[in-house]
Each structure stands twice: as structure tokens, then as C-alpha cells.
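K.L.:
Provided below for reference: sequence and predicted model.
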Amino acid sequence: MDRVATVSRSTRETAVTVTVNLDGTGKSDVATGLRFLDHLLDSLTRHSRMDVALHAEGDLDVDDHHTAEDCALALGAAVDEALGEKRGIRRFADAHVPLDEAVARAVIDLSGRPFAHVDLDLRRERIGDTAAEMIPHVLSSFAMAGHLTLHVDVLRGINDHHRAEAAFKAVAVALRQAVALDGHDEIPSTKGNL
């Protein structure tokens, strides 16, 4: 069973194409035009062990919002499509990931019901070329388009770069566990579908 999907999202503001292989090796080919977002998505890719090719062109002369959001929406949609009917997956997962002084927690349910609670408590206005407010928005948009429930908290940390990166790595590790096939052929739901 190939768990691969390609999603293209094109608007007057952005053009995004993403291909996801849930059973990859963590190969990352990400170019959003936002170097810090590329860094975070590269971390997500490598630590989730998915292969992700994501290329975007956006109206960065206006703002980083449209590009960051649309990349997250396309990535979430691709993960959801690659999961298919979610037969045989673990579904639930959680992870704690440290990055030096920072520790982040992520809890995921591939429920088919989009919800996100993201609390990174970032203090800087920007991290590199990306507005700090966009970082939790990317995670929330990913959850909405991916039809998954996501809770992410940074439990401690001083450096905002570390706080943001730890959060993405925690999401990656939890996602890797949640999409894992665990040897059964059932849809893990009392409802019979997700």
C-alpha cells in the first residue's frame, strides 16, 4: 500500500505543490521562500521520517502570512490524503522533545476531526524572516487541513528559536508514531471510519 500523495494549492496569492510519502526516510526538499519556515518544515520532515517535497511561490513582498499558511494547508491535506481511510494506523500518539533548555509536548489524534491548541509562548516579533505569530498558525493550519486533533505546548525554554523548533520536532515524532502501521487491518475507531 503506497501512502503517497501530491497536493497543489494555487491562489492569486500563492502557488504551493507538496508531495508526501508517509513511509519515507525523512528526505526533505522544502523551499517556501521563508528560510526559518524551511528550517522548521525540514525538522518536521526529518523527525517524522516522511519524505516531503514542498515548493512554494508567494506574495512575500506583501507579507509572510499567505505563503506560510498555504504551505501548511497543502502539507496537511497531503498527509490526510496519503493516510487514505487510515486502516491499520496507530492513530494516537504523543511526544516530548527537548532542544537544549526548551521542552515541547505534542499530542496527536488522527481522528478526522480538525482541532488545534498551540501554545508556544513565543516572545520575539520575528524569528529570522518569519513572523513569530505565524509559527503556531502554521501548526494550526496543518491540523485543520490534515483533519487531525493536535495539542502542542512548550513546557519551558528561553530561546524562541529553540521553543519553535522543539515544538515542530515534537509534532514530527508524535506524527511518526500516529501514522505508523501496527499490524492490524482495521480502522481504529468504534465508528468504523475516521
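P.N.:
Received it, and whenever you're ready, just let me know what you need.
K.L.:
Report the separation between His137 and Gly192.
P.N.:
As judged by CB to CB, to the nearest Å, His137 and Gly192 stand 33 Å apart. Just so you know, the C-beta spots here come from the backbone N, C-alpha and C atoms, and that holds for glycine as well.
K.L.:
Between those two, which is the more surrounded one?
P.N.:
Between His137 and Gly192, counted using other CB atoms under 10 Å, the more crowded position is His137 (17 against 7).
K.L.:
which parts of stretch 70-89 are buried?
P.N.:
Neighbour counts over stretch 70-89 (16 or more other CB atoms under 10 Å) mark 70-80, 82-83, 86, 88-89 as buried.
K.L.:
how about Arg3, phi and psi?
P.N.:
phi -110, psi 70 (degrees, to the nearest 10).
K.L.:
burial of it, as a residue count?
P.N.:
Neighbour tally, Arg3, other CB under 10 Å: 18.
K.L.:
mind listing what it touches?
P.N.:
Contact analysis of Arg3 by CB atoms under 8 Å, 6 or more residues apart in numbering lists Asn21, Leu22, Asp23, Ala82, Leu83, Gly84, Val179.
K.L.:
where does it sit relative to Ile127, distance-wise?
P.N.:
Distance from Arg3 to Ile127, by CB to CB: 32 Å.
K.L.:
Then Glu85?
P.N.:
Where Ile127 is concerned, Glu85 sits at a distance of 38 Å (CB to CB).
K.L.:
The chain: strands as residue ranges?
P.N.:
Using DSSP state E, the strands of the chain run over 4-10, 14-21, 28-31, 51-58, 92-99, 102-109, 115-119, 126-127, 130-131, 149-156.
K.L.:
would JSON lines of these with mean neighbour count, distance to Val171 and mean pLDDT be doable?
P.N.:
Formatted as JSON lines, those follow (neighbours: other CB atoms under 10 Å; distance: least, CB to CB, whole Å; pLDDT from 0 to 100):
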{"stretch": "strand 4-10", "mean neighbour count": "16", "distance to Val171": "19", "mean pLDDT": "98"}
{"stretch": "strand 14-21", "mean neighbour count": "21", "distance to Val171": "14", "mean pLDDT": "98"}
{"stretch": "strand 28-31", "mean neighbour count": "16", "distance to Val171": "15", "mean pLDDT": "98"}
{"stretch": "strand 51-58", "mean neighbour count": "20", "distance to Val171": "13", "mean pLDDT": "98"}
{"stretch": "strand 92-99", "mean neighbour count": "18", "distance to Val171": "8", "mean pLDDT": "98"}
{"stretch": "strand 102-109", "mean neighbour count": "22", "distance to Val171": "4", "mean pLDDT": "98"}
{"stretch": "strand 115-119", "mean neighbour count": "16", "distance to Val171": "9", "mean pLDDT": "98"}
{"stretch": "strand 126-127", "mean neighbour count": "18", "distance to Val171": "17", "mean pLDDT": "98"}
{"stretch": "strand 130-131", "mean neighbour count": "20", "distance to Val171": "16", "mean pLDDT": "98"}
{"stretch": "strand 149-156", "mean neighbour count": "19", "distance to Val171": "6", "mean pLDDT": "98"}
